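# Need the 3D shape of this:
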Amino acid sequence: MVLAVVEHVEHPFARGSLTSDGVQWSAEHTTSTDDYEEVESVAIAPPALGDVLEYEFGLTCAVKSSGASESVLFKWQARNQGGTWVDLHIEVTYAADASTYKEYTYSGCFKPVANFDAVPFEVWLMVKSGGAGGENAVGKTKSSSFVKVIYSAS
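The predicted structure is shown next:
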């Protein structure tokens, strides 16, 4: 049996109409509760299956609050298709007075872990308000975000 190392790269976020400057954003998601809510999720299904060696991410989002007094919290997560979500980084807080969009990019290599070690898999951005003051968190993803998986295929 011959094994091949395969790299699969996708830019799956924020698809839609073309823009004059090439910068595309997903639709905004405004929270309706103080719990984490999905901004955008994608499924990554490479054309062949195999053992995952490594994931690489370059994930960009923008978040803000609907008012000036509460913070916004967000995190990117991934999972094996239909499995349990795994945090790709620690929870991030955009401090109070977060009423204008701030862009964040989280990138790097990620080794397979329990619940996130196979293809196909899913990735999403989650956002929530940082307080009980009645303000909403708003988030969106950027089309320059990418997901790369390196795996061995037979």
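# Where do the strands of this protein begin and end?
4-10, 29-30, 37-44, 51-65, 72-80, 86-87, 92-94, 102-110, 121-129, 137-141, 146-153 (DSSP state E).
# Quick one: closest of these to residue 18.
strand 137-141 (16.9 Å; CB to CB). (Each C-beta comes from the backbone N, C-alpha and C, glycine too.)
# The closest one pairs with which strands, parallel or anti?
strand 29-30 (antiparallel), strand 51-65 (antiparallel) (DSSP bridges).
# just for the chain, where's the confidence low?
Applying pLDDT under 70 to the chain flags the ranges 1-2, 132, 154.
# number of nearby residues for residue 13?
26 (other CB atoms under 10 Å).
# Check the gap between the residue nearest to residue 48 when sequence neighbours are not counted and residue 46 for me.
Nearest non-adjacent residue to residue 48, counting by CB to CB, 6 or more residues apart in numbering: residue 153, 4.4 Å away. Per CB to CB, to the nearest Å, residue 153 is found 8 Å from residue 46.
# Common neighbours of the two, please.
Shared contacts of residue 153 and residue 46 (CB atoms under 8 Å, 6 or more residues apart in numbering): residue 6.
# wait, residue 137 sits on residue 75?
No: in this structure residue 137 lies outside contact range of residue 75 using CB atoms under 8 Å: 12.0 Å.
# between those two, which one's more packed in?
With neighbours defined as other CB under 10 Å, residue 137 and residue 75 compare such that residue 137 has more, 28 against 19.
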